[in-house]
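# One predicted model, sequence on top.
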Amino acid sequence: MRGNEKVAFTAEAVAFMRASKNVDKFSKYFVSKETEKKFNFFGKIVPKSYFDRVFVKRIGLSRELDKLMRGYKPEQIVELACGYSPRGLVLTRRSSKLVYVETDFSSVIERKRAILKKNGIELKKNHHLVAIDSVKDDLSKKLGRFFDRKKKTLVVAETLTMYLNDEEHEFLVENIKKFLESFKNSAYLSHEGKRMLKRFFGKLLLFYRNVVEKTKSHRHFRDAGKIKSYFLGRGFRKVLVRENEEISQIFYLVEN
Ligand SMILES: C[S@@+](CC[C@H](N)C(=O)[O-])C[C@H]1O[C@@H](n2cnc3c(N)ncnc32)[C@H](O)[C@@H]1O
């Protein structure tokens, strides 16, 4: 099995949203002319107010994950499917003790590295970028060397699971569970969308993403109860679930 690398384009779309809302100082470097053109094209069809709502919700999703991460207080973090997220850059600039490993397809990791270099942005010593296909590579083998088994460790996946079919999702969870087993204190943090984009413009954007860019999305859990039983059934010890109606997401932090 291997992941669908066509999904990689979505990482730039998220960088565009963050850059257009001035969320951080890094995202603007990851937006290519081609992505700008695509958004300009859709900007002629889709009302600005609709785009604004989508952008604000997407940024809200990152902020909720940030909050849950802070609450867990990890000493080591693996970010799966990091895309061009600025989180690793921001957090390792705040703390030199936090170990932060970002992973994504090799094409994304190479582009991220090249853009950081071109713009003179250095990775701190405690920050690493590693090429990993989350539904193919063994996380324990690829990541073991970066981590201290005694330290509190968190795996986070922001908008990854929605691009995986059931078989890939099952593989991912087993892969994460096996990786977390080697730590005394560890957890996995992710989320599930409650609804697809709505109304005519939502359907239009989804059509573009699914059919033109060939990145179909999937749902894995119908409600919070299903999330709890799924992870408890796979040997996780404790499941914390937080629903956020405003951004239509259910967040889950599962402790190993
Ligand atoms: C919507 S983007 C989100 C990127 C980032 N998490 C953020 O919030 O900015 C989805 C990301 O998932 C990555 N991805 C999808 N399937 C993957 C897989 N099997 N292995 C690694 N990365 C994957 C894509 O390359 C892309 O960077």
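The structure has been received and is ready for your questions. Numbering: from 1, shown residues only.

# Count the neighbours of Gly138 for me.
Careful, residue 138 is Asp; it's not Gly. Per other Cβ atoms under 10 Å, the neighbour tally for Asp138 reads 12. All C-beta spots, glycine's among them, are computed from the backbone N, C-alpha and C.

# phi, psi of it?
Backbone torsions for Asp138, taken as degrees, to the nearest 10, come to phi -80, psi 110.

# and it, how far is that from the ligand?
Distance, Asp138 to the ligand, using Cβ to the nearest ligand atom, to the nearest Å: 13 Å.

# quick one: the helices in the stretch 51-200 of the chain?
Using DSSP state H, counting those that start in this stretch, the helices of the stretch 51-200 of the chain run over residues 87-94, 106-118, 139-143, 166-181, 199-207.

# export the ones you listed to TSV and tack on mean neighbour count?
Converted to TSV, those look like this (neighbours: other Cβ atoms under 10 Å):
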stretch	mean neighbour count
helix 87-94	17
helix 106-118	15
helix 139-143	17
helix 166-181	18
helix 199-207	14
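
# Dump these to CSV, plus mean pLDDT.
Output for the helices of the stretch 51-200 of the chain, formatted as CSV (pLDDT from 0 to 100):
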stretch, mean pLDDT
helix 87-94, 98
helix 106-118, 98
helix 139-143, 98
helix 166-181, 98
helix 199-207, 74
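
# Of all these, which one is nearest Ala13?
Of all the helices of the stretch 51-200 of the chain, it is helix 199-207 that lies closest to Ala13, at 9.9 Å by Cβ to Cβ.

# Show the subsequent helix or strand relative to the closest one.
Using DSSP states H and E, the helix or strand that follows helix 199-207 in sequence is helix 224-233.

# Return the list of helices and strands in contact with that next one.
Judged by 3 or more Cβ pairs under 8 Å, 6 or more residues apart in numbering; DSSP states H and E, the packing partners of helix 224-233 are strand 238-244, strand 249-255.

# Next, the buried residues of that helix.
224, 227-228, 230-231 (16 or more other Cβ atoms under 10 Å).

# swap in stretch 69-89?
69, 72, 74-89.

# Can you list which of those are found in strands?
Members of the buried residues of stretch 69-89 lying in strands (criterion: DSSP state E): 76-80.

# Please tabulate these in JSON lines, including the columns pLDDT and distance to the ligand.
Below are these laid out as JSON lines (pLDDT from 0 to 100; distance: Cβ to the nearest ligand atom, whole Å):
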{"residue": "Gln76", "pLDDT": "98", "distance to the ligand": "18"}
{"residue": "Ile77", "pLDDT": "98", "distance to the ligand": "13"}
{"residue": "Val78", "pLDDT": "98", "distance to the ligand": "12"}
{"residue": "Glu79", "pLDDT": "98", "distance to the ligand": "7"}
{"residue": "Leu80", "pLDDT": "98", "distance to the ligand": "6"}
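
# Perfect, that will be all.
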